[in-house]
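Chemist: got a structure for you, letters missing:
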């Protein structure tokens, strides 16, 4: 992995990026750079848009909450989209923020909320979820912006799940198997991982999932994990065995 610049501020811009471009910042972005981070006129800022790689820009301040960025030169080429999909039962807001940010940091390319029988939080603020994705990408040097999809039901997920993907089903009732060995035995194929709600999957959901030929149930160890903790544990195992942590 090439050495990364941890000293410069990074900012996501919903705008095409090319050398010489002059981009006016919205009031919120300008206030953040000028009054929160206290950057001075001419300060370097790394910018990305999820499509054109990363670029070095220079801050041009014209007021207390008014500024622009002048795009200078490319610093990193755009990386391909991540093909790891994270399917999850929505959580309450604070823990949902943590879970989404950690999923992005762990290399998830798509986030799909799934409404299960025991899901407690069914109303999702999609704008807020997208903001969590962008914040995690800005902080961790990620160039891709993970896609956030509208919630679907468990029945719809099972009915329409593609045949050409593994579905790693994290089942708290699965016992007696080493999850790392189960993952290593999978044939090369794109992967989705499914984490259930705090109350777990119902017996009907568990049976329907296990009936799918693409499904591989795995345990997550001898302890009961909270859903946000389970997400990190599962994604770490998947990336270390069948994901992009491999050399």
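Modeler: Here it is on my side, so go on. Because the structure is predicted, anything quoted here is derived from the model rather than measured. Residues are numbered from 1 along each chain as shown.

Chemist: Domain-wise, how is this protein divided?
Modeler: 9-76, 84-241 (automatic domain parsing).

Chemist: Over the last one, what's the mean pLDDT, rounded is fine.
Modeler: Right, domain 84-241. For domain 84-241, mean pLDDT rounds to 92.

Chemist: And the first one, by the same measure?
Modeler: With pLDDT averaged residue by residue, domain 9-76 scores 95.

Chemist: any idea how far it is from the chain center?
Modeler: 23 Å (C-alpha atoms, centre = their mean, to the nearest Å).

Chemist: again, but for the last one
Modeler: For domain 84-241, the separation from the chain centroid amounts to 11 Å (computed by C-alpha atoms, centre = their mean).

Chemist: Just the endpoints, please. Distance across that domain?
Modeler: 13 Å (C-alpha to C-alpha, to the nearest Å).

Chemist: picking that back up, can I get the domains of the chain in TSV including mean neighbour count?
Modeler: C-betas here are computed from N, CA, C, even on glycine. Conversion of these to TSV gives the following (neighbours: other C-beta atoms under 10 Å):
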stretch	mean neighbour count
domain 9-76	16
domain 84-241	17
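
Chemist: Need the three-state assignment for the closest residue to residue 204 other than its chain neighbours.
Modeler: Spatial nearest neighbour of residue 204, chain neighbours left out: residue 117 (7.4 Å); criterion: C-beta to C-beta, 6 or more residues apart in numbering. Assigned with DSSP: H, G, I helix; E, B strand; the rest coil, residue 117 falls in the coil class.

Chemist: Just the element for the spatially most central residue of the chain, please.
Modeler: Central residue of the chain (C-alpha atoms, centre = their mean): residue 104, 2.5 Å from the mean position. Taking DSSP states H and E as the criterion, residue 104 maps to helix 93-105.

Chemist: part of a strand, is residue 112?
Modeler: Yes: using three-state DSSP, the secondary structure at residue 112 is a strand.

Chemist: thought it was touching residue 84?
Modeler: No: with contact defined as C-beta atoms under 8 Å, residue 112 does not count as touching residue 84 (11.7 Å).

Chemist: so who does residue 199 touch?
Modeler: Residue 199 makes contact with 118, 120, according to C-beta atoms under 8 Å, 6 or more residues apart in numbering.

Chemist: gap between it and residue 90?
Modeler: In this view, residue 199 and residue 90 are 13 Å apart by C-beta to C-beta, to the nearest Å.

Chemist: same check, this time on residue 171
Modeler: Distance from residue 171 to residue 90, by C-beta to C-beta: 19 Å.

Chemist: cool, and residue 118?
Modeler: Distance from residue 118 to residue 90, counting by C-beta to C-beta: 11 Å.
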